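Visitor: Turn this into a structure:
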Amino acid sequence: MKQCIVNTIDKDIINKLNNLGYVCNAVIPSERVSPPINAHSDVLYRKVDSNTIIASSCQRANLPLLEKAGYNVIFIDMIKPGYKTESYLNFIINEKYIIRNENIALHTDIGNRKIINVKQGYTSCSTICVTDDAYITDDENIYNTLINNNIDCLKISKGEIELPGYDYGFIGGASVKLNEKEILFFGDFKNQIDKNNVIKFLNKYKVNAIFIENKKLTDIGSA
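Guide: Next up is the predicted model:
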């Protein structure tokens, strides 16, 4: 059985995840972040390795689920509404890199990872990690920083992703990497050039794009 923790507000997205074989467990809506993103997993949870998840203390009710799945969960109390304090867990971490705004993000155990500093506090929201060495982003600074570090990156248009309560959402929050070979997009691209470029970029890394057709790309905080 495959499970995920996700914002369950959008039934089209939940139905798609269900059809792909996922049991969807709800992120607990929290007053610790701004209302439009109060159930976004990418600000309330961060998986830091194959066995460990860091989560806001407001998510304790999901502890049995996570422990049953084999995770060690570390709860923190620092998250509260506001750009600098609600993006504390909004960084990228994989086997090779930690990509973050060092003035905002939680400083985690580095190991052998290279730290790449960016200006964007909502780093994970703004970025899809295709592989450890390939990324898609709608953020100009993240794109330039990765390219300058000799990391492959595709930049797409900003402002076309829906996030009720804000002018627009972000590509990282409008998608989730299901496994090493599939990325689910929570909707479909209105901009056909962006869509074609994304498919071409993913094909280069043998990753398949899955879209929810006839639906505008929607940022629900990934999964």
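Visitor: From now on I want contacts and neighbour counts done on CA atoms only, so please keep to that.
Guide: Noted.
Visitor: Can you list the residue ranges for strands in the chain?
Guide: Read by DSSP state E, the chain holds these strands, from start to end of the chain: 2-6, 22-26, 45-47, 52-56, 72-76, 92-93, 97-100, 114-117, 127-131, 134-137, 152-155, 175-179, 182-185, 208-211.
Visitor: quick check: longest helix of the protein.
Guide: Among all segments of the chain classified by DSSP state H, the helix with the greatest residue count is helix 192-204.
Visitor: Which of the helices and strands in this protein ranks last by mean pLDDT?
Guide: With mean pLDDT, DSSP states H and E as the measure, the helix or strand of the chain carrying the lowest mean pLDDT is helix 83-86 (a mean of 91).
Visitor: Please save the CA atoms from that helix in PDB.
Guide: Listed in PDB are the C-alpha atoms of helix 83-86, where the atom choice follows Å, rounded to 0.1, in the frame of the first residue of the first chain:
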ATOM      1  CA  TYR A  83       7.800  34.500   5.200                       C
ATOM      2  CA  LYS A  84      10.900  34.000   7.300                       C
ATOM      3  CA  THR A  85       9.400  31.800  10.000                       C
ATOM      4  CA  GLU A  86       7.000  29.600   8.000                       C
END
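Visitor: buried ones in that helix?
Guide: For helix 83-86, burial by neighbour count (16 or more other CA atoms under 10 Å) applies to T85, E86.
Visitor: and the strands of the chain as TSV, adding mean pLDDT?
Guide: Converted to TSV, the strands of the chain look like this (pLDDT from 0 to 100):
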stretch	mean pLDDT
strand 2-6	94
strand 22-26	96
strand 45-47	96
strand 52-56	96
strand 72-76	96
strand 92-93	96
strand 97-100	96
strand 114-117	96
strand 127-131	98
strand 134-137	98
strand 152-155	98
strand 175-179	97
strand 182-185	98
strand 208-211	98
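Visitor: could these go into TSV alongside distance to H107 and mean neighbour count?
Guide: What follows is the strands of the chain, written out as TSV (distance: least, CA to CA, whole Å; neighbours: other CA atoms under 10 Å):
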stretch	distance to H107	mean neighbour count
strand 2-6	24	17
strand 22-26	27	17
strand 45-47	12	21
strand 52-56	12	20
strand 72-76	13	17
strand 92-93	11	22
strand 97-100	9	22
strand 114-117	10	15
strand 127-131	19	22
strand 134-137	21	21
strand 152-155	24	19
strand 175-179	24	18
strand 182-185	27	21
strand 208-211	32	17
